[in-house]
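Chemist: Just a sequence and a predicted model for now, questions to come.
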Amino acid sequence: MTGATRSRARSAAVVSVAFASIVLSALPAGAQSIEQTLVQAYRNNPDLNAARAGVRVANEGLPAALSGYRPSVTATVTAAGQVAESSVGSSTYLGSAGSDRTIRSLPRAATLSVTQPLFDGNRTSNSVRQADQNVLVARETLRNTEQTVLLASATAHMNVLREQAVLDLRRRNVEVLREQLRATRDRFNVGEVTRTDVALAESALQAAIATATGAESDLANARSVYMQQVGVQPGRLTPARTIERLLPRNLDAAVIAGQTEHPAIRGARHGADAQLLQVRIAESALYPTLGLSASVTRAAEQSSSSGQSLSGSVGVTLTIPIFANGGRDYATIRAAKETYGQRRIQIETAAASVRQAVTQSWAALEASRAQIQAAEVQVRSQDIAVNGIREEYKVGQRTIIDVLNATQNLTEARVALVRAQRDRVVLSYSVLSAMGRLSGSKLALRTEIFDPTTHYNQVRDQWIGVRTPDGR
């Protein structure tokens, strides 16, 4: 382990311990870790489950494309009733004489037809390749959704902890100022301070109460966001360590990893490949097609002279397009080519966005480390200053406003430290997400990891059946 790595690990431990010292006092035993929060989100988040369903939908595109290689079999049964009347006999000048005859028949026929495509201008082969690319696009979309959900859930976990810690600090500040007001009133009663000092203490206390009320609202909002992301109400949450151990050593390595691994870029590349195949599929409309067909027909007629017949046919059909669909196929090909150019541009857009996200989150993570160090020094210094000012106030060397300002500054310094510690944890997840590596398997979550290839292998070569692999 290098010196920089050891320093990073010690700093991460300091973050966890410092945050815990503020929060854990309000949490009983059996609190929930951030890993457990991520497991619940991985299982319950509706966006993530919807993305998994999207992968299964894309998987069904492959057997649909493969159907172009397979024969088509149809059966046709027809039946019709017929009634005919005729007159037979002789006629004279006085009239006619004869008899009428009614003929009833019930012709029936059953036909079994089989068609087998032999050549379709490579439409089926390109459709199969396109379906595979669409499956890969869906998988990358799932990876991207998984990253978004896990990052949002980790953020929600830390936000609840932050608001709990801030609310605890605000309430402690209210108690300190309430005690300060009581002491100021006692000194006013014996004539050591003026009414102005009491008014200042009362004003500071009411301002602290209002701020604490706002912190309660912030905590309620954070808990509602947690419920939305994770699917359950937040219980007793514990502080989390950063995951900087999973990050590369420098920014350049992080950028390179993002350019090669991020699902947004990989999905855009697969999307461009799928669109290129769409161009080939559109061009197949200009190629001849060849097909084999066979049919067997059995006909029967129920009448006075009933009979049956059996016939069959086999044929090969070659279709050569010359100017089909009024030129619409040519416009379709041109539009597909323009769309392919658009997809190629989107790859560049995704790469630039990933590069910017990695750089921004990395810089923010570095800044959070410096902010924590500065906030820790500020808290220690301000704590010493508050104690000293209070003693000086007792002997008349300081005013009440000095005590109140120092107390407020100490509270804000502690709040800033809590926020900086939360930011460092969240930003470590953010960097990993920007690189494209934030996943259940990378975090080693203790739950069953979704495998998109399982459903793919179940349906790829399925010819018939409407029941899904899970029994629906």
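Modeler: Yes, it's here. Values in this document were obtained by computation on a predicted structure and should not be read as measured data.
Chemist: so how far is Leu136 from Lys442?
Modeler: 19 Å (Cβ to Cβ, to the nearest Å). Using the backbone N, CA and C atoms, a C-beta is placed for each residue, glycine as well.
Chemist: what about these two, which has more around it?
Modeler: Leu136 (18 against 14; other Cβ atoms under 10 Å).
Chemist: Secondary structure element holding that one?
Modeler: helix 123-189 (DSSP states H and E).
Chemist: Quick one: list the elements packing against that helix.
Modeler: Packing partners of helix 123-189 (3 or more Cβ pairs under 8 Å, 6 or more residues apart in numbering; DSSP states H and E): helix 3-23, helix 34-44, helix 46-66, helix 195-230, helix 263-283, helix 400-435, helix 452-459.
Chemist: so how far is it off the chain centroid?
Modeler: Distance, stretch centre to chain centre, for helix 123-189: 16 Å (Cα atoms, centre = their mean, to the nearest Å).
Chemist: For it, the averaged confidence score.
Modeler: Mean pLDDT, computed over helix 123-189, is 93.
Chemist: Check the offset of the helix or strand hosting Ala370 from the chain's centre.
Modeler: Taking DSSP H and E as the criterion, Ala370 maps to helix 328-394. Remark: helix 328-394 is offset 20 Å from the chain centroid, using Cα atoms, centre = their mean.
Chemist: and the helices and strands packed on helix 123-189 as TSV, adding mean pLDDT?
Modeler: Output for these, formatted as TSV (pLDDT from 0 to 100):
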stretch	mean pLDDT
helix 3-23	45
helix 34-44	93
helix 46-66	93
helix 195-230	93
helix 263-283	95
helix 400-435	93
helix 452-459	89
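Chemist: need these in CSV with distance to Glu301 and mean neighbour count, can you?
Modeler: Converted to CSV, the helices and strands packed on helix 123-189 look like this (distance: least, Cβ to Cβ, whole Å; neighbours: other Cβ atoms under 10 Å):
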stretch, distance to Glu301, mean neighbour count
helix 3-23, 90, 16
helix 34-44, 66, 20
helix 46-66, 41, 17
helix 195-230, 71, 17
helix 263-283, 47, 21
helix 400-435, 74, 22
helix 452-459, 46, 15
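Chemist: So Thr76, which state does it fall into?
Modeler: For Thr76, the secondary structure call by DSSP: H, G, I helix; E, B strand; the rest coil comes out as strand.
Chemist: Quickly note the distance from it to Gly312.
Modeler: Taking Cβ to Cβ, one finds Thr76 at 14 Å from Gly312.
Chemist: How about Glu412?
Modeler: 93 Å.
Chemist: What of Thr453?
Modeler: 45 Å.
Chemist: Next one: Leu106 relative to Thr468, how far apart?
Modeler: From Leu106 over to Thr468 (counting by Cβ to Cβ), the distance is 43 Å.
Chemist: isn't Thr111 right next to Ser293, touching?
Modeler: No. With contacts counted by Cβ atoms under 8 Å, Thr111 stays clear of Ser293, the gap being 11.9 Å.
Chemist: which residue sits closest to Arg236 in space, ignoring its chain neighbours?
Modeler: Ala31 (3.7 Å; Cβ to Cβ, 6 or more residues apart in numbering).
Chemist: In this model Thr238 seems to touch the one you found, though I could be wrong.
Modeler: Yes. Under the criterion of Cβ under 8 Å, Ala31 makes contact with Thr238 at 4.3 Å.
Chemist: More neighbours: the two, which one.
Modeler: Set Ala31 next to Thr238 and count neighbours by other Cβ under 10 Å: Thr238 wins out with 20 against 14.
Chemist: what's that one sitting at in phi/psi?
Modeler: phi -110, psi 150 (degrees, to the nearest 10).
Chemist: Going forward, count from 15.
Modeler: Sure thing, new numbering starts at 15, so read that last one as Thr252.
Chemist: my guess is it meets Glu49, correct?
Modeler: No. In this structure Thr252 lies outside contact range of Glu49 using Cβ under 8 Å: 9.9 Å.
Chemist: just the CA coordinates of stretch 190-201, formatted as CSV?
Modeler: The C-alpha coordinates for stretch 190-201 follow below in CSV (Å, rounded to 0.1, in the frame of the first residue of the first chain):
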residue,chain,number,x,y,z
VAL,A,190,-27.4,26.1,25.2
LEU,A,191,-29.1,29.4,24.3
ARG,A,192,-31.9,28.6,26.7
GLU,A,193,-29.4,28.1,29.5
GLN,A,194,-27.6,31.3,28.4
LEU,A,195,-30.9,33.2,28.6
ARG,A,196,-31.6,31.8,32.1
ALA,A,197,-28.1,32.9,33.3
THR,A,198,-28.5,36.3,31.7
ARG,A,199,-31.8,36.8,33.5
ASP,A,200,-30.3,35.8,36.8
ARG,A,201,-27.5,38.4,36.3
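Chemist: Can you tell me what sits against it?
Modeler: Here stretch 190-201 makes contact (Cβ atoms under 8 Å, 6 or more residues apart in numbering) with Val207, Asp211, Val212, Ala215, Glu216, Ala218, Leu219, Ala222, Ile414, Val417, Leu418, Thr421.
Chemist: got those as CSV, with distance to Ile478 columns?
Modeler: Shown next, in CSV, are the contacts of stretch 190-201 (distance: Cβ to Cβ, whole Å):
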residue, distance to Ile478
Val207, 92
Asp211, 89
Val212, 87
Ala215, 83
Glu216, 82
Ala218, 78
Leu219, 77
Ala222, 72
Ile414, 86
Val417, 83
Leu418, 80
Thr421, 77
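Chemist: and Gly112, what pLDDT?
Modeler: 55.
Chemist: do you know how far the residue nearest the centre of the chain is from Gly340?
Modeler: A centroid search over the chain (Cα atoms, centre = their mean) returns Thr159, at 2.3 Å, as the residue closest to the centre. Using Cβ to Cβ, Thr159 is found at 42 Å from Gly340.
Chemist: Repeat that for Thr353.
Modeler: Counting by Cβ to Cβ, the gap from Thr353 to Gly340 is 22 Å.
Chemist: got it, and Phe133?
Modeler: 24 Å.
Chemist: neighbour count winner among the two?
Modeler: More crowded of Phe133 and Gly340, by other Cβ under 10 Å: Phe133, with 13 against 8.
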